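Enquirer: my questions concern the predicted model and sequence given below.
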Amino acid sequence: MRQTWRWFGPRDRVSIDDMMQAGVEGVVSALHHVPTGAVWTAEEIAQRQREIGTRKDGRPSPLRWDVVESLPVSEDIKKQKGDWKAHIESWKRSMRNLSEAGIEVICYNFMPVLDWTRTDLAWERPNGARCMRFDLIDFAAFDIHILERAGAAEQFPDDVTAAAAERFAAMDDARREQLAGNVVFGLPGAAETFTLEDVRAHLAEYDGVSEARLQGHMIDFLAEVAPLAEELGVRLCCHPDDPPFPLLGLPRIMSSEAQYQKILDAVDLPANGVTLCTGSLGARPDNDTVAIFKALADRVHFLHLRNVAIEGDAMMNSFYEDEHLSGHTDMVAMVRAIVAEEARRKAEGRADWSIPFRPDHGQDILDDIGREAQPGYPAIGRLKGLAELRGLYHAFQHPLGAEA
């Protein structure tokens, strides 16, 4: 398990020096300032590599850019409208430039419109920590009463619709604006920042795009880019839907093992792989994330290890970002399965036997609170998660752990 850390660039409140002190081995980053659909040039890639390779005082750092997260797939590609063919060519040129710079792992997603969705970015826990939360009632209040999407009320259970009406009525204007901002105005990793009107316009563009049609568009995209990735020695890995159930009337196509398997089978190349995110997949009660990893392990190229606590047994439910060793995913079993898979790969002589992972998200604790880091990406909360995951990994590598 190669220990990595997500970094949003020079404006990130967590510095290269901080990452070095955390003991990470590599960096996960992206060129968020480059417009979606444009080429990531060799010059821009080299600049980010220089930034990662330089400490605050100008001395070199030992860190390097290991994983891209994310090289965005444009809405035109997902819908197969407008400049989608030109955008695929730009994506391929970007991939070639990344490969020439020595970067071999590219994470992306195929979620329509919104990258990932939460209703609260700093929900207080009983111990005073803050975390991100998806509250189904709040989301329904947003969808039905703030966004005012046609047909929204019919897509939630009756009790949720009724509760959402009551909650919306009790909100003042400031709370309504805050909720809308949390949901649609842009989150870390998103390639765009949206207004409510932007979202309405994007949703209208997806009228008539079914799950099967979106799957077909993704397969068409991969049929274009995966052979080149194979030729270049690049590993592509799709991130699951977050959350892994339909929102805003949009189709979800990467929310379960069966959906992943369909895409992997359709473009059956080793380069076409998986970003296994235990938090995203783990937000659905019927997803056994350890079993999903074992089923897809041969094609898992990148790992996001985090945990969520689910507040219900329906597919669509409320959840919050829990501590790394708590929540729906049995993280001990997960790390054990990862260690076993790495041993299998190493025995086969695979060069990619060590799977890069990062401690995904984290609760704001101690001096994280008030630091105003990217939501979900505090320094200390992620360091705590990394330490716990690192401890599990070393325990399973130790002779006593192996015997157990």
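Expert: Received the coordinates, thanks. Numbering: from 1, shown residues only.

Enquirer: for the protein, which helix is longest?
Expert: helix 211-232 (DSSP state H).

Enquirer: give me phi/psi at the residue nearest the centre of the chain?
Expert: Taking Cα atoms, centre = their mean, the centroid of the chain lies closest to His239, which sits 5.5 Å from it. Note on His239: backbone dihedrals following degrees, to the nearest 10 are phi -80, psi 140.

Enquirer: any idea how far it is from Val274?
Expert: 9 Å (Cβ to Cβ, to the nearest Å). Just so you know, the C-beta spots here come from the backbone N, C-alpha and C atoms, and that holds for glycine as well.

Enquirer: coming back round to it: spit out the contact partners of the residue nearest to the centre of the chain.
Expert: Glu69, Ser70, Cys107, Tyr108, Asn109, Met254, Thr275, Cys277, Ser280, His304 (Cβ atoms under 8 Å, 6 or more residues apart in numbering).

Enquirer: same thing with Ser29?
Expert: Counting by Cβ under 8 Å, 6+ apart, Ser29 has contacts Arg6, Trp7, Phe8, Gly9, Arg48, Ile52, Trp65, Val67, Val68, Glu69.

Enquirer: which residues of the chain fall in strands?
Expert: 2-6, 26-29, 65-69, 105-108, 120-124, 130-134, 235-238, 272-277, 300-305, 307-310, 319-322, 356-359 (DSSP state E).

Enquirer: how distant is the last one from the center of its chain?
Expert: Okay, so that is strand 356-359. With Cα atoms, centre = their mean, to the nearest Å as the basis, strand 356-359 stands 12 Å off its chain's centre.

Enquirer: that strand pairs with which strands?
Expert: strand 2-6 (parallel), strand 300-305 (parallel) (DSSP bridges).

Enquirer: beta-bridge partners for Val300, please?
Expert: Under the criterion used here (DSSP bridges), Val300 is bridged to Val274.

Enquirer: still on that earlier bit, closest one to Glu323 among the strands paired with strand 356-359?
Expert: strand 300-305 (11.9 Å; Cβ to Cβ).

Enquirer: contacts for the closest one?
Expert: Everything outside strand 300-305 that qualifies as a contact, by Cβ under 8 Å, 6+ apart, is 1, 67, 69, 105, 107, 235-237, 239, 273-280, 293, 324, 331, 334-335, 338, 341, 352, 355-360, 385, 389.

Enquirer: likewise for stretch 197-206?
Expert: Under Cβ under 8 Å, 6+ apart, the answer for stretch 197-206 is 75, 79, 81, 112-114, 147, 149, 184, 192, 194, 248-251.

Enquirer: before we move on, what about stretch 138-152?
Expert: With Cβ under 8 Å, 6+ apart, stretch 138-152 has contacts from 117, 119-120, 153, 155-156, 160-161, 163-165, 167-168, 171, 176, 179-180, 183-184, 196, 199-200, 203, 247-249.

Enquirer: out of those, which are buried?
Expert: 117, 119-120, 153, 155-156, 160-161, 163-165, 167-168, 171, 179-180, 183-184, 196, 199-200, 203, 247-249 (16 or more other Cβ atoms under 10 Å).
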